[in-house]
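Undergrad: Here is my input, please return the structure:
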Amino acid sequence: MRLVTHLIALNREIRLRRQLADIERVVLDLPVRTHADLQQLVRREMEQAAACDFPHLYGTPPEERYSTYGHGPDIGLTKARSENPLIATRGVTLWIASVYHETLDSHRPGMEELHRQILRLMRQIKELSASERRDVASEWMEPRAAT
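TA: Residues are numbered from 1 along each chain as shown. Sure, this is the predicted structure:
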């Protein structure tokens, strides 16, 4: 039984790593103006997930509440792949919040590394948001020729 449990956990880890690569690509492909919104939405989703009874199952339909793993990452990834930037942004935030809480207290080395990568992604989103704000401020201060 230990072998089966180990294989299930290993499969989940591999699946989430692949999804992380897709999520990172989506974040970089989002329009620049959405990065600030993305940062705020991630913060809000994290707070909502933390307030749930089972944060690692955040985004999972109620009828699936007693499953081993939540469906939040899969639902989030599906939304993140949308052509609509607003839906993609919401999907990214759902994925980050659900996987963050799923990997938070994991004792498996691979899941701990995945948790660090999610923290890195959250920092990257914050930096993208901050750089966009600086660009807007510098454009505002830039003298323009009167036409």
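Undergrad: contacts and neighbour counts: CA atoms only from here.
TA: OK.
Undergrad: ok, Asp74 - contacts?
TA: Trp95 (C-alpha atoms under 8 Å, 6 or more residues apart in numbering).
Undergrad: Contact partners for the spatially most central residue of the chain?
TA: Central residue of the chain (C-alpha atoms, centre = their mean): Ile96, 2.2 Å from the mean position. Ile96 sits next to 42, 73, 118 when contact means C-alpha under 8 Å, 6+ apart.
Undergrad: same thing with Ala9?
TA: Ala9 is in contact with no residue at all, counting by C-alpha under 8 Å, 6+ apart.
Undergrad: tell me how far the ends of stretch 52-68 are from each other?
TA: From its first residue to its last, stretch 52-68 covers 16 Å (C-alpha to C-alpha, to the nearest Å).
Undergrad: From the chain's centroid, how far away is that stretch?
TA: 17 Å (C-alpha atoms, centre = their mean, to the nearest Å).
Undergrad: Buried ones in it, by neighbour count?
TA: Using 16 or more other C-alpha atoms under 10 Å as the burial criterion, the residues of stretch 52-68 that qualify are 55-60.
Undergrad: Where does the prediction get shaky in the protein?
TA: Within the chain, the stretches with pLDDT under 70 are 132-147.
Undergrad: Phi and psi next, for Tyr58.
TA: The phi/psi pair for Tyr58 (degrees, to the nearest 10) reads phi -60, psi 130.
Undergrad: i'd like the first residue to be 6 from this point on
TA: With 6 as the first residue, the last one maps to Tyr63.
Undergrad: Quick one: which of the contacts of Ile101 is the most crowded by neighbours?
TA: In terms of neighbours by other C-alpha atoms under 10 Å, these top out with Pro78 at 30 neighbours.
Undergrad: Just say helix, strand or coil for the residue lying closest to Gly77 once chain neighbours are set aside.
TA: Leaving aside its sequence neighbours, Gly77 sits nearest to Gly64 (C-alpha to C-alpha, 6 or more residues apart in numbering; 4.2 Å). Using DSSP: H, G, I helix; E, B strand; the rest coil, the secondary structure recorded for Gly64 is coil.
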